[in-house]
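1. Here is a sequence with its predicted model. Questions after.
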Amino acid sequence: MMKHSRLMRCSRIYAGVLVLLFFVVCSWGNCAQHSSQLVAVAVQENASPLHVRQAAYTPRSRIQFAHPGTELAHLTPEAQGFVPPPGKIFFISAFGDSLISGYGLDNAMDAFPVVLQDSLRELGYSVVVDNDGIAGNTTAQGRVRLSKILLTKPDIIIMELGANDMLQRRNVVRMKSDLAAMIREIQDMDIRLLLTGMYSLPHFGKKYAEMFDAVFPDLAAKYNVSFYPFFLEGVALDHSLNQKDGHHPNGAGVRVLVHNILPYVVKQIKLICTENACKFGG
């Protein structure tokens, strides 16, 4: 009888251990899933230097600009006070990663280079914007293929790289070195460069975030290049402007990106005309 009682107690203990293990495994699975969701949200809700100061990031604009020619009439050549040379076509390379290439978009016509090209043409500029974005590219990979971009001799390069270095937590010093090398190559070819910045996720730690965030403005100042501080400005916090993954803009988000960066691109065109003695109005 005593032996049977011990056997029953052992069975109960064994069953209890199995149940406990079951709940531990299930809980771990839920935590892992929840953690991945938090990472995706963090990309969207903390993609700003303001996360370092624990302040709320507010997008610049939620408006979807379908007709930039009317919304941004002050950016037309006439309003800017110059007339581009007759027959001159400005070739622009949108050079970067998935944010440039149009990753995840249902319609390829919603990709950043296409929308930028259409917007500039609507404003009155003769432009061709090449889609030189490759999803997943790091700065090291961009540096390898830059020579092919330079062979096309664009008038302007919009360089958007660094996000994948951050997501893979690559060495910031190496990333900065790669970006600096590309800047020098572009300047050696007398090509106008618009450098765009990116911000680190907070969960990589304050030290990494501060080092990463400082790279882009530091390089812009050192090499005296035009600088757009945050490529995802106006989109990073707005769920309605992002795809389900939380960090790639949808079609509406791309239009906001283009709207916000347009003044910087127009300035590059104007600088080219200034340097080449374009005919100025008035």
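-> Nice, I can see it.
2. Secondary structure element for Leu120, which one?
-> Using DSSP states H and E, Leu120 maps to helix 112-123.
3. Which other helices and strands does that helix contact?
-> helix 68-71, strand 90-96, helix 98-101, strand 127-133, helix 251-275 (3 or more C-beta pairs under 8 Å, 6 or more residues apart in numbering; DSSP states H and E). (C-beta placed from N, C-alpha, C; glycine too.)
4. Buried ones in the last one, by neighbour count?
-> Spelled out, it's helix 251-275. By neighbour count with 16 or more other C-beta atoms under 10 Å, helix 251-275 contains the buried residues 251-262, 265-266, 268-270, 272-273.
5. Give me the angle between it and helix 112-123.
-> 60 degrees (axes from the mean of the first three to the mean of the last three C-alpha atoms, to 10 degrees).
6. got the angle between helix 251-275 and strand 127-133?
-> Using the same axes, to 10 degrees: helix 251-275 against strand 127-133 is 120 degrees.
7. which other helices and strands contact helix 251-275?
-> Going by 3+ C-beta pairs under 8 Å, 6+ apart, helix 251-275 lies up against helix 68-71, strand 82-83, strand 90-96, helix 112-123, strand 156-160, strand 192-196, strand 226-228.
8. what's the answer for the second one, then?
-> Identification of packing neighbours for strand 90-96 by 3+ C-beta pairs under 8 Å, 6+ apart yields helix 112-123, strand 127-133, helix 139-151, strand 156-160, helix 251-275.
9. List the buried residues of the second one.
-> This points to strand 127-133. Applying 16+ other C-beta under 10 Å to strand 127-133 flags 127, 129-133 as buried.
10. Which strands and helices lie in contact with it?
-> Using 3+ C-beta pairs under 8 Å, 6+ apart: strand 127-133 touches strand 90-96, helix 98-101, helix 112-123.
11. With the third one instead?
-> Other elements packing on helix 139-151 under the criterion 3+ C-beta pairs under 8 Å, 6+ apart are strand 90-96, helix 172-188.
12. most neighbours per residue, which of these?
-> strand 90-96 (a mean of 24; mean count of other C-beta atoms under 10 Å).
13. circling back: tabulate the helices and strands packed on strand 127-133 (TSV), appending distance to Gly234 and mean pLDDT.
-> Shown next, in TSV, are the helices and strands packed on strand 127-133 (distance: least, C-beta to C-beta, whole Å; pLDDT from 0 to 100):
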stretch	distance to Gly234	mean pLDDT
strand 90-96	17	98
helix 98-101	13	98
helix 112-123	13	97
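14. With Ile269 as the reference, measure out to Ala140.
-> 30 Å (C-beta to C-beta, to the nearest Å).
15. Leaving out sequence neighbours, find the closest residue to Thr139.
-> Asp178 (4.0 Å; C-beta to C-beta, 6 or more residues apart in numbering).
16. separation between that neighbour and Arg143?
-> 5 Å.
17. re the thing from before, I'd like the helices and strands packed on helix 139-151 as a markdown table, with distance to Ala79 appended.
-> Shown next, in a markdown table, are the helices and strands packed on helix 139-151 (distance: least, C-beta to C-beta, whole Å):
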| stretch | distance to Ala79 |
| --- | --- |
| strand 90-96 | 17 |
| helix 172-188 | 29 |
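18. From Asn276, how far out is Pro84?
-> 10 Å.
19. more neighbours, the two?
-> Pro84 (19 against 9; other C-beta atoms under 10 Å).
20. Contacts only, for that one.
-> 77, 90, 125-126, 269, 273, 278 (C-beta atoms under 8 Å, 6 or more residues apart in numbering).
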